[in-house]
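Colleague: fold the stuff below for me.
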Amino acid sequence: MLIKAVKRAYHATVKAIKNTGRSPKWRLLARGFIKSHPNCAACGAVSSLQVHHVIPFHLDPMLELEESNLVVLCQL
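Modeller: You can find the predicted model right below:
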């Protein structure tokens with residue numbers, strides 16, 4: 001049973017990476033980054049916040065999880 005559960009989790013992770021191109025750690029990191037940076041860097045808003053990359057992910061995927069390459073911006 002444990003082996004089947006591990007295999008299912010592994011395949012779900014691989015599928016998520018293939019579908020999004022993102023690390024499975026991205027969502028947790030982004031949520032934590034918003035908690036520690038609760039305002040939009042451009043206007044100071046506190047709602048509709050998203051985490052963005054300073055150097056875009058598609059240009060340098062190795063910086064995906066580097067907090068120094070992240071910025072919080074609102075959707076407005």
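Colleague: distance check, the most centrally placed residue in the chain against E67.
Modeller: Nearest to the geometric centre of the chain sits W26, at 3.0 Å (Cα atoms, centre = their mean). Distance from W26 to E67, counting by Cβ to Cβ, to the nearest Å: 12 Å. Quick note: C-beta positions are derived from backbone N, CA and C, even for glycine.
Colleague: so where do the helices sit in this protein?
Modeller: Along the chain, counting by DSSP state H, helices occupy 2-20, 26-36.
Colleague: where among the ones you listed is average confidence lowest?
Modeller: When the helices of the chain are compared by mean pLDDT, helix 2-20 comes last with a mean of 67.
Colleague: thinking again about what came up before, could you measure from the residue nearest to the centre of the chain over to Q75?
Modeller: To Q75, W26 is 18 Å away according to Cβ to Cβ.
Colleague: got it, and H52?
Modeller: Taken as Cβ to Cβ, the span from H52 to Q75 is 11 Å.
Colleague: and the two? Which one has more around it.
Modeller: Legend: neighbour count by other Cβ atoms under 10 Å for H52 and Q75, higher for H52 (13 against 9).
Colleague: contact partners for the more buried one?
Modeller: The neighbours of H52, taking Cβ atoms under 8 Å, 6 or more residues apart in numbering as the test, are 70-73.
Colleague: ok, what's across the strand from it?
Modeller: Beta-bridge pairing of H52 under DSSP bridges involves V71.
Colleague: pretty sure the residue nearest to the centre of the chain contacts E64?
Modeller: Yes - between W26 and E64 there is a contact under Cβ atoms under 8 Å: 6.6 Å.
Colleague: related to what we said a few turns ago, mind checking which of the contacts of H52 are buried?
Modeller: 70, 72-73 (16 or more other Cβ atoms under 10 Å).
Colleague: which one of these is nearest to F33?
Modeller: Nearest to F33 among those is L70, at 5.5 Å by Cβ to Cβ.
Colleague: that's all I had, so thanks and see you.
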